[in-house]
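Q: Next input, structure requested:
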Amino acid sequence: QSQLVESGGGLVTTGGSLKLSCTASGFSLDYYAIGWFRQAPGKEREGVSCISSTSAITNYKDSVKGRFAISRDNAKNTVYLQMNSLKPEDAAVYYCAASAIRGNMCTFSGPLYAYWGQGTQVTVSS
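A: Coordinates of the predicted model:
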């Protein structure tokens, strides 16, 4: 059974940090681009960051640039999202997803992602 599992969410105060992990089971992430998405109550899902299968390309939503960093460890079949200087507006359920897009590309287009995790809650108190 192929699945993605996120972990690392929790409650932090404004300015705090969290590191989210996304681990795959049942398949290898080596050839997949990985995206992190989030959805806050009453809002649409939005792309936060993505990394190409080659790790050569990373993209970030403008509001998280300089604060968030995506990385991958293929040996551990895991992708990470380091989130620093968290703000209340970062609070959401965070999802990771895997896309079969190959090469030096990644995307925030949800339909291009075949596998999704169940999400992990991030809460930021002011």
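
Q: Centre-most residue in this protein?
A: Of all residues in the chain, the one closest to the mean position by Cα atoms, centre = their mean is residue 36, 2.3 Å from it.

Q: so that residue touches residue 50, yeah?
A: Yes: under the criterion of Cβ atoms under 8 Å, residue 36 is in contact with residue 50, at a separation of 7.0 Å. No exception for glycine: its C-beta is placed from N, CA and C like everyone else's.

Q: Report the set of residues contacting both of those two.
A: Shared between the contact lists of residue 36 and residue 50 (criterion: Cβ atoms under 8 Å, 6 or more residues apart in numbering) are residues residue 70.

Q: Leaving out chain neighbours, which residue sits closest to residue 15?
A: Taking Cβ to Cβ, 6 or more residues apart in numbering as the measure, residue 15 lies nearest to residue 85, with 5.9 Å between them; neighbours along the chain are not counted.

Q: How many residues are close by that neighbour?
A: Taking other Cβ atoms under 10 Å as the neighbour definition, residue 85 ends up with a count of 13.

Q: Surely it and residue 12 touch.
A: No: because the distance of 10.6 Å does not satisfy Cβ under 8 Å, residue 85 is recorded as not touching residue 12.

Q: Help me confirm that residue 82 is found in a strand?
A: Yes: counting by DSSP: H, G, I helix; E, B strand; the rest coil, residue 82 is located in a strand.

Q: partners of it in the sheet?
A: Listed beta-bridge partners, residue 82: residue 19, residue 69 (assigned using DSSP bridges).
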